[in-house]
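1. Turn this into a model:
(chains A, B, C and D)
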Number of protein chains: 2
Amino acid sequence: MTVPQLNTGKTMTDQFFLKIRTYTDLTTEAETAWAALLKEKTCHKGDNYISVGQIPKKVAFVTKGLFSQYYIDDNGETIIKYFFPEGRIAGSIPATLTQSESLFTITALEETTVLEYNFAEFKKLVFTYPDIARFYIRYLEQHWIIDKEPYEVSLRSDAAKVRYAAFLHKYPDLVKRLKKHHIAAYLGITPTQLSRVFGYSK
Amino acid sequence: MTVPQLNTGKTMTDQFFLKIRTYTDLTTEAETAWAALLKEKTCHKGDNYISVGQIPKKVAFVTKGLFSQYYIDDNGETIIKYFFPEGRIAGSIPATLTQSESLFTITALEETTVLEYNFAEFKKLVFTYPDIARFYIRYLEQHWIIDKEPYEVSLRSDAAKVRYAAFLHKYPDLVKRLKKHHIAAYLGITPTQLSRVFGYSK
DNA sequence: CGGCTTTCTCAACATATGTAAAGGTTTTTC
DNA sequence: GAAAAACCTTTACATATGTTGAGAAAGCCG
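-> Down below sits the predicted model:
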């Protein structure tokens, strides 16, 4: 069971299930079973929630703060795959599903509080409660299929300047919380190049 | 119901469910219900199974042949996102899920026979038969999460030469069936560049 | 406050890849 | 089987982006 913790008048668990219900409604039994898996955790700025090479067991719903998921390529460049701000479920999912070493590190860019839960336990609930299965399917479809497509297309066919403009437009709030080099690493360019296209366009 | 059609001694439907059972076993009732949705279709080389701008309703299990899924970017370049050879389920899934216009065209690179089914009808089965839900979840996890990760990483951090070598290694059978410009379009480079890295390394 | 680190920008140069065009080969088509 | 189309490679040139290094600004820390 989670410890009540006020946050705009809601416990973290309330905040969690409010988000979950935007995908699909859950029965009380399902919600109770899921709630029993949740555990609060805090990551200080700079802490790694998951490190490269680790075999992850848990995923984390971000209630406050910001994670980035990144890896270092052969040339020593940092490449950021995702940002996980409030309301997102952070995890190294491929590694968690296959129980293999994570290719990515997930690190806190800000003081970050999460509600974490064991993913294998969650998967058991998926096959026990049809409404949790329904949630999981919606979640997978939304984030792994629908949301990813425009970014993947842009990454392959747009110049850095266009990708930067799209990022500014899509994540105006995130932009303020990130350093330029984080954005560059997400767009797949160097800070130098970002500075160039930024300078020309502004 | 599908028309029996010999193919190494199996009907196309047999071939389909053999593949499905590699994800999870189905009850007889579930299989029967799903089988009722299947319909054979043939695409001649050059035919589009789905065209850009179309709102797709169906997906297609490829029993014989090869599809590519591509789009034309602002500069008129063809960009190939996937190949669908035998045993893969081809579709413009983001557009099908959201019932919006497909960003991609799916076209037959060879004479291709498929077993197609209405995706919304299939989704009803997902929420009726727990074993079909289990299949669908496994399928989403495998193809949309696990399989995609290495390619996405490579696309962002490896030079064209490395990506080409990885492609040769991973799809030795596909390579023989594709033109070089198809491979180039998949790797995100021009045929000219592919010819350069191919020439130097061979 | 003062120094230290991080961040950001800029310049000069290097490089991978794109563009365009040509020629030779292979494949398709009738 | 001949004509046409598609494909592949190569060359010369163009360009976006990377690399390195320097310096200025901003943030952090003792």
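
2. Count the residues that sit near the residue of chain A found nearest DNA strand D.
-> Closest residue of chain A to DNA strand D, C-beta to the nearest atom of the strand: A:Gln193 (3.1 Å). The C-beta positions use only the backbone N, C-alpha and C, and glycine is treated the same way. Neighbour count of A:Gln193, defined by other C-beta atoms under 10 Å in any protein chain shown: 15.

3. Quick check: phi and psi on it?
-> The phi/psi pair for A:Gln193 (degrees, to the nearest 10) reads phi -70, psi -40.

4. Quick check: closest non-adjacent residue to it.
-> A:Ala160 (5.7 Å; C-beta to C-beta, 6 or more residues apart in numbering or on different chains).

5. could you measure that neighbour against A:Thr192, distance?
-> 11 Å (C-beta to C-beta, to the nearest Å).

6. Which residue of the two possesses the greater neighbour count?
-> The neighbour comparison of A:Ala160 against A:Thr192 (other C-beta under 10 Å) goes to A:Ala160, with 17 against 8.

7. so that one sits right up against A:Ser195, yeah?
-> No: the criterion here is C-beta atoms under 8 Å, and A:Ala160 misses it with A:Ser195 at 10.8 Å.

8. Same question for the host helix or strand of A:Pro94: list its buried residues.
-> For A:Pro94, the host element (DSSP states H and E) is helix A:93-98. Residues A:93-97 are the ones in helix A:93-98 that count as buried (16 or more other C-beta atoms under 10 Å in any protein chain shown).

9. Can I get the residues you listed in JSON lines including pLDDT and distance to DNA strand C?
-> As requested, the buried residues of helix A:93-98 are arranged in JSON lines below (pLDDT from 0 to 100; distance: C-beta to the nearest atom of the strand, whole Å):
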{"residue": "A:Ile93", "pLDDT": "97", "distance to DNA strand C": "27"}
{"residue": "A:Pro94", "pLDDT": "97", "distance to DNA strand C": "25"}
{"residue": "A:Ala95", "pLDDT": "97", "distance to DNA strand C": "26"}
{"residue": "A:Thr96", "pLDDT": "98", "distance to DNA strand C": "28"}
{"residue": "A:Leu97", "pLDDT": "97", "distance to DNA strand C": "31"}
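
10. So which of these is the closest to chain B?
-> A:Pro94 (4.6 Å; C-beta to the nearest C-beta).

11. Against B:Ala108, how distant is the closest one?
-> According to C-beta to C-beta, A:Pro94 stands 31 Å off from B:Ala108.

12. what does chain A have sitting close to DNA strand D?
-> Within reach of DNA strand D by C-beta under 7 Å from any atom of the strand, chain A has these residues: A:75, A:77, A:159-161, A:188-190, A:192-193, A:196-197.

13. From the contact counts, what lies against the helix holding A:Pro94?
-> Helices and strands touching helix A:93-98, by 3 or more C-beta pairs under 8 Å, 6 or more residues apart in numbering or on different chains; DSSP states H and E, are strand A:58-64.

14. ok now the strand it packs on, how far from the chain's centre?
-> 8 Å (C-alpha atoms, centre = their mean, to the nearest Å).

15. Cheers, nothing more for now.
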